[in-house]
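K.L.:
Predicted model, plus sequence, below.
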Amino acid sequence: MNAPLVHSRPGLEVRNLCRSFGGLQATADVSFSVPFGTVTALVGPNGAGKTTLFNLVTGIVRPQSGEVFFDGERITGASAGRIAALGLIRTFQTARVFPGLTVLENAMVGGHRRVRTSPFAHMISLPSARREERALRERAEAMLDIVGLGRVRDTHAVELPMGSQKLLEVVRALMAAPRMLLLDEPAAGLNDSETADLAALLRAIRDTGVTVLVVEHNMALVMSVAEQVVVLEAGAVIACGDPDAVRADPRVIRAYLGAEADNQGGRP
Amino acid sequence: MTNFIQLLIGGVLTGCIYALIALGFSLIFRVTGVVNLAQGAFCILAALACASFEMQFGWSILAASLGAVAVAVAVGAVVGATSFVPGLTRLSNANMLMLTAGLLTVFEGAMQLIWGSQPYALEPFSGQEPLAFAGITVPTQGLWMLGITGVLVLALWVLLTRTRLGQALRACSENPTAARLMGVSVPRMTLFSFCLSALIAAIAGVVIAPATSLQFDSGRLFTVSGFIAAVIGGIASLPGAIVGGLVLGVVNTLATAYLSSLYSNAIALGLLLMVLVWRPSGLMAGGPARRQDVRDEARVWKRVHRLSPAAGRFAAVAALIGAVALPHVMPSEAILGSLVIVGILFVALIGLDLLMGWCGQVALGHAGFMAIGGYTAAGLAIDHQVSPLLGIFAGMGLSLVCALVLSVVTLRLRGLYLALATLSFGLLVTSFAVGLTELTGGPSGMVGIPSLEIAGWAFDTTESMYHLVLVLDVVLVVVSQGVMRSSFGRAIQAIRTDQMAAAALGVNVLRTKLVVFAVSAMLASLSGSLYAFNFHFLSPDMVDATRSLELVAMLVIGGEGTLIGPLLGGLLLTLLPTVFAPLASAKTLVSGLLLVGCFLWLPHGLYGLVVDGLNGIFRRFGETARPGAVSEEAAR
Ligand SMILES: Nc1ncnc2c1ncn2[C@@H]1O[C@H](COP(=O)(O)OP(=O)(O)O)[C@@H](O)[C@H]1O
Ligand SMILES: [Mg+2]
């Protein structure tokens, strides 16, 4: 969380990324970059390929062609674990809290990658291990308090309502001390006041120096936090730039009106 | 040359049977994503039923065969409807695999009760006289096998491609959600595919019965061969099942003829591992790829059972006092002896719990590691006068090597492959234990194993073994508890249900699984060594696949992922036959039934019951047992 606030140094750079599933072109020649220290929003109708793009960037799905760079390093096709180790941490569209663990323990799993004491030290409960465990737990408790999950920290995580599970996932990702955070529809399932809290949280995250790339449908939220907006439709980037310019782009308006019409029929 | 052709024909015939079993695997796998380990048991059930109809009731071959197949399918329908289909909506894939392992145990136990443990062979359908042609002889039964395989494959193909039923079945395998929306009843289709594969396996069983002798537990061999065939061909591909079956049959037959039957298991396992390394999706990839980044929601842990600190402390102290005092209050040699066995098995169970309960990786061959530990330590002690402790370490080292080889290949892939690779590994170890007579004493076992002796202390009485095992168990529980409450432990539990989310947080999934598997194998090996030193005797059937399945049953009945739970399961399954003698012969059946029952109705096992009870009592006494007490306990 101590990356310097340098604008316009390319943090994440995606070049000509392609991936198809069967006959379906999920991402087609996608290129854009996310400068360090900014909040970038990735928008587009359902099925536009936003989640697929996240999967490609974080090593969960392999690209068929194209390249991904993070902080100048080529990470195309690297394993999910190695990409996470570089500080590129994501959340999932459908919350994936770990069942069988409490809320607090879920958050603490996020801190795993920075733990230094070995399991052997924990086996015999060495002071150093206990100290680190306590620090980790205090950090997790503090984070949970910030997002308002402090009260339920000892509940079984999967018993939380969906909105809280998504918040927990954000906390868990933050616990991993990301340099860049990829959030997949974090506001889905949140009510209005929770969404406002989330916007504040995103800005706070950005202010601590973490770069954010967020997939979001809520346009008000996007406009209020994002410095850059990338619009995807049918796997291709149709617009990219600052929020006001993108909002005025006729192709974006068309894509969105079309999507709105689809959603009327398709979504409960 | 004629010899070679002769062998080739034999291989193809065996391959037909493997192909039929593999077809059943692929069918169920495509519809449910689950491998049904009970598959091979339907073969044996039909074969044994056919034998009874023919020999006891004097039915004609045709009537007996049809009757036997009908029996197997009816049993399949009942088992499918009462356990497999309901399980699908409640259990994770790993637990479904264990459920089917439980079903295999139930079948073996029941068939042992009904037909005993002697082998059965049927009369060939068309007499003993083989066909001879240019110096090559083919048993007439072989023609039946070929013909029936051909007819079945054709019928299946017509069913799947030309009928509405087949369309519905395919819709379920390609996209269950869409199929449901289209009005297809997915549970009914699942049951149908279950019965269909039971039918195929039963027919295979009836046609193969005259060509080989079968007994109650031959089913597991068919399960393993069928599965290996399915994987070689591509588990989701129906043509692949046939190709895989033929390849495996030919390779196996040639290996048995030119090398030794000892190595045919090893070669099958080697073939499996090779395919997994070079072509993980099999020779003929097929079927739809399911989206990997979406998790099935309904099939995750519903609750966490944890003792409140007060209840935990109380239970730990009470259990310790009870365990120490027991030899004095109840000096029954028999019971004490049983407890020593439970304590020794508990060492292996802790390892198994770490691997299966906490880390979610299914392993069905842990007795194989027990065998390695037992034979290594005992063999070194007898033949080379190596000290027991050193022998134990040697066994653990050897187990570590085997575990690493197995896991490097399979852990990268889905848990399914680990489960089956370990199952066939267990069978491989057993075949070596039986075959390498000079080293192991063969089927009759290794005798004259000395008592355990550590630094001048001899553990040659039941009571001394009891105390040793008690100390070892307590140390292991405390140490494992410490690890599971650390960051490493939480990472293991994260991997249990969601490897991808864990990896996305920077957890090194592969390394973590490797470490857990290695530790678990070494604990099993340690347990096996102690077992040998305790009995002064070790035979292959003490550490065979039945033992592996029994360990799984103990784990599930006691409660997975609880550390202490397996001890309860071990106590129940070991002491029940000791205390209640009539149960002894039905032990396998009972443990299988309990396993299946626990999965369906008591997912957290005996431990869940005990914890709920203790927490309830402590809450009533107004003690500190509030729901939030979990974290304080973890902090200590
Ligand atoms: N693993 C996969 N297998 C098959 N199709 C996929 C897979 N991942 C994504 N898709 C398809 O790619 C398209 C884009 O999906 P997705 O990236 O989830 O869209 P978004 O997140 O923008 O709503 C969808 O049509 C989806 O069905
Ligand atoms: Mg999406």
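P.N.:
Great, that's in hand. Ligands and ions are numbered 1, 2, ... in the order given.

K.L.:
quick one: contacts of stretch B:473-481?
P.N.:
A:123-124, B:320, B:343, B:346-347, B:350, B:354, B:523, B:563-564, B:567 (Cβ atoms under 8 Å, 6 or more residues apart in numbering or on different chains). Every C-beta, even on glycine, is put in place using the N, C-alpha and C of the backbone.

K.L.:
right, I mislabeled it, should have said stretch A:136-145
P.N.:
By Cβ under 8 Å, 6+ apart, stretch A:136-145 touches A:103-104, A:107-108, A:110-111, A:115, A:150, A:153, A:168, A:171, A:174-175, B:487, B:635.

K.L.:
Tell me which entries of the residues you listed lie within helices.
P.N.:
Of the contacts of stretch A:136-145, the ones assigned to helices by DSSP state H are A:103-104, A:107-108, A:110, A:168, A:171, A:174-175, B:487, B:635.

K.L.:
Quick check: mean pLDDT of the strand or helix carrying B:R188?
P.N.:
According to DSSP states H and E, B:R188 maps onto helix B:186-208. Helix B:186-208 comes out with an average pLDDT of 90.

K.L.:
same check, this time on stretch B:129-149
P.N.:
If you average the pLDDT over stretch B:129-149, you get 82.

K.L.:
follow-up on the earlier one: which of the contacts of stretch A:136-145 are buried, as a ChimeraX select command?
P.N.:
Remark: buried members of the contacts of stretch A:136-145, expressed as a ChimeraX selection using 16 or more other Cβ atoms under 10 Å in any protein chain shown:
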select /A:103,104,107,108,110,111,115,153,168,171,174,175 /B:487
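
K.L.:
does B:F533 sit in a helix, a strand or a coil?
P.N.:
The three-state label given to B:F533 by DSSP: H, G, I helix; E, B strand; the rest coil is helix.

K.L.:
now what about stretch A:187-200, what contacts it?
P.N.:
Residues outside stretch A:187-200 that contact it (Cβ under 8 Å, 6+ apart): A:93, A:147-148, A:161-163, A:166-167, A:170, A:186, A:216-218, A:221, A:224-225.

K.L.:
Buried members of those residues into ChimeraX, please.
P.N.:
Restricted to buried positions by 16+ other Cβ under 10 Å, the ChimeraX selection for those reads:
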select /A:93,147,163,166,167,170,186,216,217,218,221,225
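
K.L.:
just curious, which of the contacts of stretch A:187-200 is nearest to ligand 1?
P.N.:
Comparing the contacts of stretch A:187-200 against ligand 1 with Cβ to the nearest ligand atom places A:Q93 closest, at 6.5 Å.

K.L.:
Tell me which stretches of chain B form strands.
P.N.:
Counting by DSSP state E, chain B has these strands, from start to end: B:131-133, B:136-138, B:446-447, B:452-454, B:457-459, B:537-538.

K.L.:
can I get these in CSV with distance to B:S213 and mean neighbour count?
P.N.:
Formatted as CSV, the strands of chain B follow (distance: least, Cβ to Cβ, whole Å; neighbours: other Cβ atoms under 10 Å in any protein chain shown):
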stretch, distance to B:S213, mean neighbour count
strand B:131-133, 22, 10
strand B:136-138, 20, 14
strand B:446-447, 27, 16
strand B:452-454, 40, 17
strand B:457-459, 43, 14
strand B:537-538, 27, 21
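
K.L.:
Those: which one's closest to chain A?
P.N.:
strand B:452-454 (21.1 Å; Cβ to the nearest Cβ).

K.L.:
From the ones in helices among the contacts of stretch A:136-145, pick the one nearest ligand 2.
P.N.:
Nearest to ligand 2, judged by Cβ to the ion, of the ones in helices among the contacts of stretch A:136-145 is A:L168 at 19.1 Å.

K.L.:
what's the closest one in contact with, if anything?
P.N.:
A:L168 neighbours (Cβ under 8 Å, 6+ apart): A:95, A:97, A:103, A:106-107, A:144, A:149, A:157, A:160.

K.L.:
pLDDT below threshold where in chain A?
P.N.:
A:1-9, A:256-268 (pLDDT under 70).

K.L.:
For the residue of it found nearest ligand 2, what is the enclosing helix or strand?
P.N.:
Residue nearest to ligand 2 within chain A: A:T51 (3.2 Å; Cβ to the ion). Secondary structure assignment for A:T51, by DSSP H and E: helix A:50-57.

K.L.:
next SSE after that helix?
P.N.:
Next element after helix A:50-57 (DSSP H and E): strand A:65-70.

K.L.:
That next one and chain B in contact?
P.N.:
No. Under the criterion of Cβ under 8 Å from any Cβ of the partner chain, chain B is not reached by strand A:65-70; the shortest gap measures 13.7 Å.

K.L.:
Report the angle between that strand and helix A:50-57.
P.N.:
Calculated by axes from the mean of the first three to the mean of the last three Cα atoms, to 10 degrees, strand A:65-70 forms an angle of 80 degrees with helix A:50-57.

K.L.:
May I see the buried residues of strand A:65-70?
P.N.:
Buried residues in strand A:65-70, counted by 16+ other Cβ under 10 Å: A:66, A:68-70.

K.L.:
Need those residues in JSON lines (columns: distance to ligand 2).
P.N.:
Converted to JSON lines, these look like this (distance: Cβ to the ion, whole Å):
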{"residue": "A:G66", "distance to ligand 2": "19"}
{"residue": "A:V68", "distance to ligand 2": "18"}
{"residue": "A:F69", "distance to ligand 2": "23"}
{"residue": "A:F70", "distance to ligand 2": "21"}
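
K.L.:
Report the distance from stretch B:521-540 to the chain centre.
P.N.:
19 Å (Cα atoms, centre = their mean, to the nearest Å).
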